[in-house]
Every structure is written in C-alpha cells, then in structure tokens.
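**Student:** please work out how this folds:
(chains A, B and C)
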Amino acid sequence: MRMLKKLMFLTPLALVAPAMAQEDEYRPDYDALIESQGDYAYAFDFFTTSMLWTVIAAALVFIMHLGFATLEAGLTQKKNTVNILFKNCFIIAIGVVTYALVGFNTHYPGDFNGWFSLGGMIGDLNADGGDTFGYGGLGLAMTGYGDFIFQAMFAATAATIVSGAVAERVKLPTFMIFATILVGFWYPVVGSWHWGGGWLGGLNGGNGFKDFAGSAVVHAFGGFAALACVLVLGPRRGKYTAEGVKPILPHNLPLAAIGVFLLFFGWFGFNGGSVLSAAPGPLGLVFTTTTLAACTGALGAMATSWVTLKKPDLSMTLNGFLAGLVGITANADIVSATGALVIGLIAGIIVVLSVLFFDKIKIDDPVGAISVHGICGIWGILAAALFEVVPEGAEKQFSIGGQLLGVVAVGAAAFIFSFVVFFILKLIMGVRVSEEEEHEGLDVAEHGVPAYTDHQ
Amino acid sequence: MRMLKKLMFLTPLALVAPAMAQEDEYRPDYDALIESQGDYAYAFDFFTTSMLWTVIAAALVFIMHLGFATLEAGLTQKKNTVNILFKNCFIIAIGVVTYALVGFNTHYPGDFNGWFSLGGMIGDLNADGGDTFGYGGLGLAMTGYGDFIFQAMFAATAATIVSGAVAERVKLPTFMIFATILVGFWYPVVGSWHWGGGWLGGLNGGNGFKDFAGSAVVHAFGGFAALACVLVLGPRRGKYTAEGVKPILPHNLPLAAIGVFLLFFGWFGFNGGSVLSAAPGPLGLVFTTTTLAACTGALGAMATSWVTLKKPDLSMTLNGFLAGLVGITANADIVSATGALVIGLIAGIIVVLSVLFFDKIKIDDPVGAISVHGICGIWGILAAALFEVVPEGAEKQFSIGGQLLGVVAVGAAAFIFSFVVFFILKLIMGVRVSEEEEHEGLDVAEHGVPAYTDHQ
Amino acid sequence: MRMLKKLMFLTPLALVAPAMAQEDEYRPDYDALIESQGDYAYAFDFFTTSMLWTVIAAALVFIMHLGFATLEAGLTQKKNTVNILFKNCFIIAIGVVTYALVGFNTHYPGDFNGWFSLGGMIGDLNADGGDTFGYGGLGLAMTGYGDFIFQAMFAATAATIVSGAVAERVKLPTFMIFATILVGFWYPVVGSWHWGGGWLGGLNGGNGFKDFAGSAVVHAFGGFAALACVLVLGPRRGKYTAEGVKPILPHNLPLAAIGVFLLFFGWFGFNGGSVLSAAPGPLGLVFTTTTLAACTGALGAMATSWVTLKKPDLSMTLNGFLAGLVGITANADIVSATGALVIGLIAGIIVVLSVLFFDKIKIDDPVGAISVHGICGIWGILAAALFEVVPEGAEKQFSIGGQLLGVVAVGAAAFIFSFVVFFILKLIMGVRVSEEEEHEGLDVAEHGVPAYTDHQ
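**Tutor:** Got it, this is the predicted structure:
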C-alpha cells in the first residue's frame, strides 16, 4: 500500500492502484506514460535519460554559486565576508526569480528581429507537448521546465562575476539594483543574440558564432560588465599608494580553494549540460576536454606565477583552474584532447599576466574576475576557431574574424550598458560606501554582525 | 584483457570473456541482463534510468547531512563546534544502520493495521524480483536496494533537525540515546502512517494526505520533536536575562552559508528523487518549483528581516532559503511556477516572524530549526491544498481540513513522544551539561580538543 | 531559431535546421544517432544511461580531491595550510595531465606481457567505434572518453594519499617530482597488473584477484607509498620527544569534517561508478553496502576510541567513515548488507588501533593515511574472500591466500618503488624543509602568504 508515494510521478495520469499491484494492473500506467509522448514515443528512453542529465546539470551549475560565494569571500578581507555572502544569496535568488518573470522568454523569444524582444512570465511549460521530445526539437532533449531551470542557473552567473570585482567597497542597495537589471534584463537580451537565434547566428560567413557553453555570452559578458563597474567605482582605498601597490591579502585561502574546486565540479554541469542531451559521444568528449583544460590552466598559472612572482602562488593557481575552464567553455565539443591541453595552458598563462597588468594600470579587481572571465572568455572564443577539429573532407567552419567580432560585440554590449547604468546609479544614489564604512568593514557597518566571532 | 573490471557489473551473470570481445561473444550477456527482468523487460531502459536517478538522489540527500553539520556549527559558538560535528557524524551513522536493522521494514511494513508494525532487518533486496520493475509496482521505478538507500538517507534527517535546536547545552550520551530511538523507531512508525500505506491515506475525503517529499513526515516531525526537547532542556545560559534577550552571535557565517547552499543542492535529490522515477514531466516541474520557492523564500526573509531588524540580515536570509524549501516539499509536484513563487515568499516571511516569536517567548533554538522545519512544514502541507493545480475537468483533491489534521497528527506524535522520552531520560541520566561545561564549551570539556587551534 | 545550441550535440552529424523544426525534419537526426551505433544500436539506451552514470561518477570522484584537500588541511597546523592546498591543486592537475599523456595507455595496454607496457598519449577516443557499446565490450558500457575521464580521476588519488602523510615537512619541489612519477608512471603500471588484464588475473586458483574499485590498487598502493615516504622523511620536529609523544592538534576540525563528508559523497562515484554500467541490480547493492560500511566504520572507530582514549574523539570518528569506505571498496558488489555492516565495523576498529600503533612506533602520519588507506586497504581485500556471498549451487571464488598475495604484491610494489625513488630524491635534492622553515610554517616560508589573515 505504498501507492501514494509510488504513483505520484504519473500525476495526472495516475490511477489509484491497490498495494502489491500485479503486472496487469500497472502496466497500463507505463503505457500511458509512453502514450503521452505522442509521436515522440519512439525516443522516450533517450529523451528521459537526456532530461535527467539536464536537471542534474542544473544542480551542478547551482553549486557553482556556492563556489563563487566562497571564492570571493576567501580572497577578500575578513571584515567584508558577510557582505559578500549576502550579495551572493541575493544574486542567485533574484537571478532565478527574474528569469522566471521575464528573462527566459526574453532569452528565447522564438522568431524575433534578432536583437530584442521582451518576454513575459513562464507559464505551464509541461503543456502543449512541453514534456515530450517535441519540445524544442531533437537537439534539446529536455522538457520545457528542464530547459528553464538549466538556463536559470546560468543566468545568475553574470551578476556573480561582477560581485567579486566590486567587492569590499560597493554600496549594497546600489549593487542589488544593478544586479537585478543586469541579470533580469540585459543578460537575456544579449544572450538572445546567440542562443535565442539572434543576429550572431550569421557570423563566420553564415556558419554561426561558436560559443558552446558561454565563454562570451556568460563569462566575457560578466567580465566586461565587471570592468565597467570597477571603472565607475574606483579601487579599494589604500591599495594604490604613492609608494606603489599595497597587496591586500586574502583572509581565508581554504575557503577560496573550496570555491574553486566547487566551481570546477559545477562546470561539469555547465559544459556537460550544454551538450543538451545525453548523447554519449559528445558527452565524454566535453567532460574530457573540460577537465584537461582546467588542469593545464592550473599548471600554466602555477608556472607563470612562479617565474614572475618567484614563489609558488596558490591564488594564481586557483585562478588558473578557472582560466582553463573559461577558455574551454566556448569550444569543448569541437577540440581534441591535445587542443584542450594547449587551450588551458595558454589560458593559465594569460590569466596571470592579465591580473598583473590590471594591477599595474590600477584597476582593482579583488578576485581577478575581469581577467578570468573577461580576458579568458575572449581567448576561449578565439580558440574555437584556432583549435576546431575539422573532420576529413569537411571545411573549417569558424574564423578568427567572425569569432572576434562576436565576442567584441558581446563584451562591448556588457561594458557599455553596465557603465551607463552604474554611472546613472552613481549620480542618483551613489555606488560606494563611505570611507568610514570601508575602513570598518561592511559586515559590522552594514549588516551589524561580524562573519566570525571568538566568544569563549 | 580488461575483463575483470569490465564484466563485474553482470555478477553473477558474467562469464569470463576474452579481451577485445567480439559482438557475438558478449551480446548474450546483455540479453541475459534483459532476460533477468522477466515480464518487465519491456520497460528495462526506463527502469534503469529511473534507478540511476534514485541512487544519485540518495547521494544528494546524503550531502544534506554535511549541510546540516556546517549550518549548525556555523550558527553557534566556536567552543561547541566539535560537539556539533560529532553529533552529526553519529546521527548519519546510527540513522542509516538502525534503518537497515529495523527502520526500513517498520516504515514500509506491507499490509498492516495502519498504525504500527515493527519490522526486522533487511535481507537480500535484489532477490525475488527486487531488481526488476516489478519491485513495488510502476510508480517505484527502482530496485529494493535503491528504495532502501534513498529512504535511509531521509531517515537521519529528523534527528539532525533536533540536533541543531538542542545545540550548545545538551548532554552528549543522552542525545545519542534519544536520537537513536527517534530515528530508529519513532520516525519509521510515524512515517508508515503516510508512506507505508497507513491511516493517513484516508484523509481528504479518502483522497489521501498530500505530503510529496515530507514537509510533515520529515520536517514537521523533526521540528516538533525539536520543540519538545527544547522545552525539556531550557535555553542556553545567559541568553534570556533580566535585561532582555542577549543574542549569541554565530561564530562562522561562511560555514553557515556553505551549509545552506549544500542543503539547497541536496534538496534537488530530496524533492527530485521523490518523483520516484525519471519521468521527464514531473521531474522538470519539481526541480523548477523547488528552486523558485527557495529563491522567493530567501527574498521574503531578506525583506521581512530588513524591515523588522532594520538591517540586511544574512542568517535570516539563509534560513529563508530553507523555509522556502520546506514549504515546497509537500507540494512541489502539484503546484504551478506562480504557486511556487508565492509559497516560498510566504514561507520566507513566516520563518522570520516565527524565529522572532520563539525568541520572544524564550524558547531558545540556536539555529531556528523549529521555525524552519516545524512551522514552515505546516505551511507546506496547507499550501498543498491552497495551491493545488486542478486539471480542467478534474476536481480539487486536497482540503485544508484534511491536510491540517494530518500535519497536526504527525507534529503531535513527534512532540508527545519526544517530550516523554526526553523527560524520562532527564530523570534517569540528565539531559543537560553542567554549568561549568556549558561555560567552558563542550569541545574541550567533553571532547578534549578545540575545533580551531592557532599554534604558530 | 535556437538551432546552434540545440543541434550541437549531434556534431558532426547535425544539419542546420530551421527553428520550430517539425518532426519530419529532425527525426532523421535521431535516426542518424542510432545509426552511428552500428551493430550496437539495439542497446543504445542502456549504453547512453550507463555512459551518463560514468561521467557523473567521474565528477563525484573529482570532488574527492576537494575532500582530501580540506581533510588534510583541517587535520594539520594552521601554518602549513597553503602548502597543503597547493600540493593538492598540483596533484589533481598533474595527475590528470600525465594520465592523458602516458598513464591511460599504460594502465590499459591491451594485450601485453602482464607486467609492463608503456603507453603513449590518448588519441581521438570517439573514433573507430569508441563512442559505441562496442568499446571495451559489454561490461564497459561507456565511450572511450568516459573510460578515460573516470580512470583519470582515480589516478591522482594515490599521490594525494601520500600528500597527507608527508604534510608539514616535505620539500615542495621534491614532492612535486615524486608525485608526478608516482601518478604518471608507477600507479598505471601496478594498476595494469589487475585492471589492465595483467598477472593478478591468475590468482585465486585462476579465478582472478578480487578488488572491485581499488582497495588494493588505489588505496593500499597509496598507503604503502605513503609509509615509504614517511620512513625516508622522518617525523615532524617536536612530536616524539624524550618526554613522550606530543600530539599536534588539528587546526580546523570543521574543514576536516567537510573533507570526510565530501569523500563519502565522492565515494558513491568511486564505488558506484566501478559497476561500469547503470545495471540496476549491482548499482543499488553497491550504494547500499558502501553506505553501510562507512556508517559502521564511524561507529566502530567512535566506540574504540572512546574506550581507548576515554573521550568521544571526532578525528577518529571521521577516519572511521573513511576506514569503512576503504574496507568495502574491494568487495562492495559481492557482499550482503550484513557483510557490509561487519566489514565496516571491523575497519573502524582497525583504523583506531592502527593509528595508535604507528604513533607508538614513531611513524608520524599527520592524517592517518597509512592506517586508513594502507591497513584498511588490506582488510578490504581479505574481506572480499571472507564475506563473498556465494550463490546457491556455485562455488566460492576467492581465497584468503590469493587475496593476501595480491595485496601484498601491490603494497610491496608501491612501498619499494616509493622508497627507492624518494631516497634517491633525498640524495639529489633533499626531501625535507629546513628546521627554520618547518618552525615558521611552510605557508609564509615557501609561499609567502598565510592561509588566514585578520586585517581589520
């Protein structure tokens, strides 16, 4: 008599059945499930497995938000930890909610002008064949809700990237407004250019812009939004002094390491889920290229920082993993193992040089977000053209020029929009905490509580 | 010649095959696998995918125990951290072991009187068709071991909820005995009323009691057991003074944030796995409603606490995620996206008011477990009736009255049993550490070691 | 027009399709996917589900590396935390990269002499039927890349085990060289004896050596390599004094607890993935036995340490989980639930006695790696013979003698090789940091930065 829990998955098809049901009694329910697939019943098992992967991948992308939160908190000062955690809680919450209210249907507007179409709230995505293989066509072996939840987890990422770069001095209410606009409105608009079937599809001589899981439309988007905000905001007080750059040490490196490993873990969902089905060939390739690039990214950053900084630097190594991951994100499904090793290695070298460069020109990015997501995002897009494996007899599909044009467009869109919006917010309400608050730390000043207490 | 590792999954069907096996040689093994399914071979692939989801979901529910451990440790004082971690290690270990020894067969007794039937240890659950679709009928697309391990991971949760509420002053051996009785005996008994096919199935005019993944039989059960224990135990010394409530600050908020994000992550298994198959339609819906409610829960708690406490409160926001999750747990498969947004939002408001209320009446719950799991558990059960989506042409199934009756019965059963048992333990061996130990901290006093050392 | 992202999973089969594709238009693509499986199309859905499980399991094994990193960092001194995290970053990175360059094809050399065959870099593993059920035969329901990535995640584990044992005094460059040789060369060679179809297959009267997921070829291998290194290296200064053993307290027990829970979580992939398919029967059994043994391991260690040390010891309890897990790793697919409970319990007792024993003979292993992985690895191998469930009518397959011979061979190979290599490195470049560096801590001395700062 476990029928209640037993049968609920068939809702609303389920009929109440007696306990210890015999074959004849419930077999029709399975048949009903198959029957509900209509013309797509022939592929039901493949569809089911692929959809399962989609929701698991969504869960993995979700855990990246814990990765971002702990990485950002770990790399900054103790006195601003609560503030960073609070911002990250807000971003994932508002990101998902605005994506349901407006983002999803803006991101995937169906047939549109290629540039912009504002969508409304999601409805019953299981209706009208939304729970069959018919939803979205073959390449999208998931239901409407599967599609939504996977994309919703991506959406909050862009704002999270900004969060790290503006940490330790941004005014909380301003950031909350900015993040809401960025994730709820501009991210899906720019994303629609590529994933929504917009104008980016015509690049590379009409062959389309290659950005597998979002080196451009997620990472470079976030990285260049971050750059704009940092320019409006200015550096943390006391970092760039008359006597030179005064490094502000991370307050908790184990927390930062937890963050990077969780991001790496979640990236299996980010890239692997972007296969958009459980097709075994591409899935294994994407897991392999993603892992290899992350690992050579770490080795590349480790070596480069050891040479330039004369010590084995943990923060740089951690960012090296992420650099490799961002670099492979645009091209994980079209490069070879060797290609992945090289892409990651170069990304690892780039990220160290980029972090040092931004520090030199006094652009203060406490976690290296602009370098990791922005610069390595560009690299990933270019690498798609450079390392594309061309099957025998086929022609090369992607060009450096087309790829560059696409990523510049995305980056510029993120930068300009963010600069304008953040600048307007600066005029209206200010973007920066007071000098006293920055000195005291945002945790006690804004949140009334320290992150750590020692009361024994 | 990779045969040893290769063939082991077919044990005991496997025949030793030569390396580089040819099609003809191993195809019979696959055929044998299919053949072993007997009459259920027709659904083997769906069954395999569903069973895979069940064990992955079990792993996700497992990680919730790390979430509970870190959340509880993070929200309490530094000096009691080892004690909390130790308790959580014990709970997951004893919870799983007692569930194998007695719990599973008590929880799912088969045909019984509807109230109570004590079961024995699990046997070979793969035997007698336990590894086919025939096990448990269609709605339970998992093997016997899959069923066991998924439910075993749930079982320890109830005791964990209590652990947080009694933290920082409960006597360790007393708690260990209580937790063993609660998780090994009373949890499966009360659970059998609903999931085991007991009397709760007759509520709502015979349509059954709606508690999808356990807002009542897991969360409210744990929350009201916690309330009983806290009443017997009394508040932490120094919290409620003549001059008013003296807040005891959390010692490590990053740890608490890690806990909440891991709980959210694990909840995908808790709710998603409760679909009891990989049926794509319900699976996508449940992932979506679960996520939306968690996110509006956080936003609701954020706003409510900002208004009442005049600051952006991280602890309340974290509890808001959990409130939304508990609220959606009873109804995730029968509400719409809009319903989920509202259910979570209200849960987030409720949890803040409830935490403030319990503090006002001097019921000291260091982590807010009674509010999160008990009060929001009730809300989730009621919400099932309020937000149930009724398909066109169908009739509403669940009533407020029936739902309320069910959750009150479960909550009362948990409360009364816990109060009596904990009170008897108080008389026999005491439930509270000495004043000195509480002052010194349980880590050094009971465990002989601090959680953190600073020896450089 | 979501075609770009939609269709990419079919690369290179995909044809550019119009938006809102109709059934007739994309059905051939699904057919093409099936067709690409050739003779194996009949099992495509089972293959797809199994391959999905393989890559998810690989991700779970990946997260064990975060578990090792946090466990090792948590159990040691604050001043050496950065160094431990850096080593763990290096190990996963170099482990995966060397496995691609040489390890995989050495580990699985195909037909060889049974002892040694050096392989080259992996090529396109999807080619030549590598993405069909034909790859590797039935028991290996994964593609070539799936096989690679799952095994690559295992490979780094052996070196990680050593990392914990030599912590707080090993010279970084020396360790990096040693770890590279161990993981890139010797681990795959010794592994090939068993999993690669080598001479171990002839043990137990020709029935093969039973080591399901690697109690011997991963854990005992790592544990005895660790023992060798510790003997060459010597204990941490100040631990074994004239006045007796001076315990060096762990600096962050929450971090250690996070590590153990993540290892437990990852072990579902380690053992569960070793089923090498999603066959429902074995999968449920392996999840259940793995969990039960971990839990009785914790209870066994808890009880044993409470009796011997007169206090409820958290570190021992944490190691008890791992002891149970290592103990069940060799035999998880051939024992009963009762067998698993007993195997774990004994492992939990063994690990406490072993840790105390090694401390008594002044072999300094800061995290207990030799006991957990080495000694409990042996126990797991023996337990395979002791607790093997023999189906009615069949004969017992594994003997104590054969199992012992196998694990001694693997352990001795790891020990001797490591001793020789580490000793040579000692002569060439030294294996130990200077007394001053050890006193100051490796973080500031070698990495120039502390793990935690308190700058407010």
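**Student:** pLDDT weak spots in the stretch 101-250 of chain A?
**Tutor:** Residues of the stretch 101-250 of chain A meeting the criterion pLDDT under 70: none.
**Student:** how about the helices in it?
**Tutor:** Secondary structure of the stretch 101-250 of chain A by DSSP state H, counting those that start in this stretch: the helices cover A:104-107, A:144-165, A:172-181, A:187-194, A:221-233.
**Student:** other SSEs contacting the shortest one?
**Tutor:** To tie it back to what came earlier, the one meant is helix A:104-107. helix A:144-165, helix A:187-194 (3 or more CB pairs under 8 Å, 6 or more residues apart in numbering or on different chains; DSSP states H and E). The way it works is simple: take the backbone N, C-alpha and C, and place the C-beta from them, glycine included.
**Student:** the shortest one - contacts with which helices or strands?
**Tutor:** What it means is helix A:187-194. For helix A:187-194, the packing partners by 3+ CB pairs under 8 Å, 6+ apart come out as helix A:104-107, helix A:144-165, helix A:221-233, helix A:400-429.
**Student:** try it again at 6 Å.
**Tutor:** If you count contacts as 3 or more CB pairs under 6 Å, 6 or more residues apart in numbering or on different chains; DSSP states H and E, helix A:187-194 packs onto helix A:104-107.
**Student:** tell me which of the helices of the stretch 101-250 of chain A is the most buried.
**Tutor:** With neighbours taken as mean count of other CB atoms under 10 Å in any protein chain shown, the helices of the stretch 101-250 of chain A reach their highest mean count in helix A:144-165, at a mean of 28.
**Student:** ok, and does that one reach over to chain B?
**Tutor:** Yes - Helix A:144-165 is in contact with chain B by CB under 6 Å from any CB of the partner chain, via A:145-146, A:149.
**Student:** quick check, nearest of those to chain B?
**Tutor:** Distance to chain B across the residues of helix A:144-165 next to chain B (CB to the nearest CB) is lowest for A:Y145, with 3.0 Å.
**Student:** now that closest one: closest residue in space, sequence neighbours ignored.
**Tutor:** Leaving aside its chain neighbours, A:Y145 sits nearest to B:G284 (3.0 Å; criterion: CB to CB, 6 or more residues apart in numbering or on different chains).
**Student:** what's around that neighbour, how many residues?
**Tutor:** For B:G284, the neighbour count with other CB atoms under 10 Å in any protein chain shown is 31.
**Student:** do the same with the one 10 residues further on
**Tutor:** By the measure other CB under 10 Å, the count of residues near B:A294 is 31.
**Student:** correct me, but it touches B:G327?
**Tutor:** No - proximity of B:A294 to B:G327 does not meet the contact threshold set by CB atoms under 6 Å, at 9.1 Å.
**Student:** picking up where we left off before, any idea which of the residues of helix A:144-165 next to chain B is closest to chain C?
**Tutor:** Taking CB to the nearest CB as the measure, chain C lies nearest A:G146 of the residues of helix A:144-165 next to chain B, at 13.4 Å.
**Student:** contacting residues for the closest one?
**Tutor:** Taking CB atoms under 6 Å, 6 or more residues apart in numbering or on different chains, we find A:G146 in contact with A:51, A:54-55, B:284.
**Student:** now with 8 Å, please.
**Tutor:** By CB atoms under 8 Å, 6 or more residues apart in numbering or on different chains, A:G146 lies in contact with A:51, A:54-55, A:58, B:280, B:283-284, B:287.
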